[in-house]
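**Q** Task: produce atomic coordinates for the following.
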Amino acid sequence: MWPLLTTADMRAIWGAPDAGKTLDTVASDVRVGGVDHQRCGPADAPEFESHTRWYHLSEPETAVYTEVIEAGGMALGASLVTLNLTPNGSGATLNVSVAVSSFVGPEMIAEFKGGWDGSMANLDRLIAQQ
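**A** The predicted model follows:
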């Protein structure tokens with residue numbers, strides 16, 4: 001599970017919330033203090049940028065990072081994400097905690113929620129194929 005959550009190529013597979021959307025990695029530096037930069041949105045014109053800063057990595061149990069979403073050079077919102085993996089038989093249970101702040105109004109909160117709901121459904125499907 002750890003590589004699925006922390007490797008840029010793997011996150012690109014499940015991170016786009018729905019069909020027709022893309023998550024393209026511009027740069028990835030998965031280490032404490034490292035920053036990832038992604039473009040996301042419609043596959044033909046990914047208009048949003050995501051900047052992820054990693055704060056805590058304790059493989060294979062815990063990852064903590066912040067994510068800022070921007071469009072047109074303007075910050076739209078930020079989140080604090082905590083991923084906790086707990087061994088469960090031959091697999092693991094993933095608990096995800098996301099705290100969101102919108103800088104542009106309540107619709108951005110709904111956008112974050114929709115993105116996470118779609119991404120987690122994609123991750124479930126990916127894991128089921130393994």
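**Q** Just give me the longest helix of this structure.
**A** In the chain, assigned by DSSP state H, the helix with the most residues is helix 106-129.
**Q** Give me the distance from that helix to the chain's centre.
**A** Averaging C-alpha positions (Cα atoms, centre = their mean, to the nearest Å) puts helix 106-129 9 Å from its chain's average.
**Q** Between helix 106-129 and the longest strand belonging to the chain, find me the angle.
**A** Ordering each strand of the chain by length in residues (DSSP state E) puts strand 74-88 first. Relative orientation of strand 74-88 with respect to helix 106-129: 30 degrees, computed using axes from the mean of the first three to the mean of the last three Cα atoms, to 10 degrees.
**Q** Not counting stretch 15-33 itself, show me its contacts.
**A** Contact with stretch 15-33 is made by 6-9, 11-12, 34-43, 46, 50, 53-57, 114-119, 122, as judged by Cβ atoms under 8 Å, 6 or more residues apart in numbering. Placement of C-beta: from N, CA and C, glycine included.
**Q** Tell me which residue is most central in this structure.
**A** By Cα atoms, centre = their mean, the mean C-alpha position of the chain lies nearest to G15, the distance being 5.9 Å.
**Q** Kindly provide the distance from that residue to T22.
**A** When distances are taken as Cβ to Cβ, to the nearest Å, G15 and T22 turn out to be 9 Å apart.
**Q** A99 against G77, yeah?
**A** No - between A99 and G77 there is no contact under Cβ atoms under 8 Å: 11.0 Å.
**Q** who has more neighbours, these two?
**A** When A99 is set against G77 and neighbours are counted by other Cβ atoms under 10 Å, the residue ahead is G77, at 19 against 11.
**Q** tell me what the longest strand of the chain is packed against?
**A** Applying 3 or more Cβ pairs under 8 Å, 6 or more residues apart in numbering; DSSP states H and E, we find strand 74-88 packed against helix 2-6, strand 62-71, strand 91-102, helix 106-129.
**Q** Buried residues in that strand, which are they?
**A** The neighbour-count check on strand 74-88 (16 or more other Cβ atoms under 10 Å) flags 76-79, 81, 83, 85 as buried.
**Q** Kindly report the same for stretch 18-36.
**A** Of the residues in stretch 18-36, those scored as buried under the neighbour-count criterion (16+ other Cβ under 10 Å) are 21-23, 25, 28, 30, 36.
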